[in-house]
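[1] here's a sequence, model it:
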Amino acid sequence: MSRRNFTSVADFILTGLTDSEEAKLILSVLFLLIYLITVLGNMGMILIIRLDPQLHTPMYFFLTHLSFLDLSYSNVFTPKTLHNLLSSNKSISFLGCFTQMFFFIVFGTAECLLLSSMAFDRYVAICRPLHYPVIMSTRLCCALLTGCYVMGFLDAILGAVSHSRLRFCNSNIIQHFFCDAFPLLVLSCSDTYEAEIIDYICAGSNLVLSLITILGSYLSILSTILKINSTAGKKKAFSTCASHLLGVTIFYSTMMFTYLKPKTSYSLGRDQVASVFYTIVIPMLNPLIYSLRNKEVKQAGLRVLQKRWGHEQLKSQ
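    Below is the predicted model:
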């Protein structure tokens with residue numbers, strides 16, 4: 001196709017989740033409630049871990065950044081989604097669209113790798129407890145965390161560059177509620193082969209490598225737990241991993257369903273449901289999973305509140 005048949009796109013139109021006004025109202029209330037829980041839950045988790053010295057360990061160091069990523073992740077999508085549900089103007093600028101996709105890749109990739117780092121931390125804690133303080137040093141934790149963010153930005157740069165080179169001919173309507181890779185590939189009238197290959201390499205390598213790390217860690221953990229003689233010891237070891245394993249299962253199942261498939265199998269309905277889950281719902285679930293199932297976090301929360309209450313009592317005297 002000749003270059004003159006292409007038209008430049010100044011903005012895109014996001015179709016959203018539904019055309020029904022009643023459904024829009026219900027979804028806007030639901031998403032606003034989820035967003036408030038997400039912000040309060042993740043901010044609360046970060047504050048509790050920061051304010052309680054007993055939680056200044058590698059496990060909670062990673063959990064702090066998981067909450068930060070979930071908070072950032074939610075802020076990339078939810079405000080714009082709420083705006084589109086409540087407004088007739090569903091446009092997003094070309095730059096705004098690719099900025100949204102850029103930070104989606106940054107935070108999504110970083111969280112993917114962070115979950116594998118957390119699995120490695122649990123492996124060391126259970127399988128090599130005597131060497132845990134030496135292996136999981138501050139230096140290693142910072143290196144793992146830096147690697148998560150660096151890989152996130154590298155993947156985002158590759159993805160944004162490859163997709164920004166696509167051409168859009170007859171339509172600027174994105175059949176989705178945010179700027180994601182697959183809807184843009186479907187919308188483009190230029191050759192998407194290069195962009196698809198880059199997407200598969202980036203998404204596939206991160207998902208597969210992190211899954212290998214997680215599976216390897218948990219197979220080793222399972223082997224170690226089965227060797228423990230006491231029932232109480234087995235229960236304690238399982239409880240330290242249960243929250244993380246649940247979070248990993250939810251996150252990876254939706255991500256793999258959405259991204260490890262060819263462009264031709266893209267389905268608007270199924271993919272939007274999965275997308276709502278990992279962009280809006282999971283950031284709300286993670287602080288609930290890691291706090292409600294974690295006695296240390298609940299006890300730390302009580303200590304922080306008691307300390308704050310005691311401080312207020314002293315000030316009032």
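
[2] so where do the strands sit in the stretch 51-200 of the chain?
    Secondary structure of the stretch 51-200 of the chain (DSSP state E, counting those that start in this stretch): strands at 91-93, 173-174.

[3] could you give the mean pLDDT of the first one?
    Right, strand 91-93. Regarding strand 91-93, the rounded mean pLDDT is 91.

[4] could you do the shortest one as well?
    Mean per-residue pLDDT for strand 173-174: 88.

[5] direction included, what does that strand pair against?
    Sheet pairing of strand 173-174 (DSSP bridges) gives strand 11-14 (parallel).

[6] quick check: buried residues in the strand it pairs with?
    Within strand 11-14, the residues that qualify as buried are 12, 14, counting by 16 or more other CB atoms under 10 Å. C-beta here means a position set from N, CA and C on the backbone, and glycine is covered the same way.

[7] what lies in contact with that strand?
    With contacts defined as CB atoms under 8 Å, 6 or more residues apart in numbering, strand 11-14 is touched by 84, 90-94, 96-97, 172-174, 176-179.

[8] can you put the strands of the stretch 51-200 of the chain in JSON lines and add distance to K227 and mean neighbour count?
    Supplementary listing: these in JSON lines, determined by distance: least, CB to CB, whole Å; neighbours: other CB atoms under 10 Å:
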{"stretch": "strand 91-93", "distance to K227": "55", "mean neighbour count": "16"}
{"stretch": "strand 173-174", "distance to K227": "53", "mean neighbour count": "18"}
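
[9] farthest-separated two in the contacts of strand 11-14?
    For the contacts of strand 11-14, with distances taken as CB to CB, the pair at the greatest spread is F94 and F177 (17.6 Å).

[10] need the pLDDT of Y259.
    As summarised for this prediction, Y259 has a pLDDT of 69.

[11] same thing with S190?
    On the pLDDT scale, S190 gets 84.

[12] so who does A237 touch?
    With contacts defined as CB under 8 Å, 6+ apart, the neighbours of A237 are 126, 221, 224-225, 228.

[13] below-threshold pLDDT in the stretch 201-317 of the chain: ranges please.
    Of all residues in the stretch 201-317 of the chain, those with pLDDT under 70 make up the ranges 259-270, 292-293, 308-317.

[14] what about the helices in it?
    The residue ranges that make up the helices of the stretch 201-317 of the chain, judged by DSSP state H, counting those that start in this stretch, are 231-259, 268-276, 282-292, 295-316.
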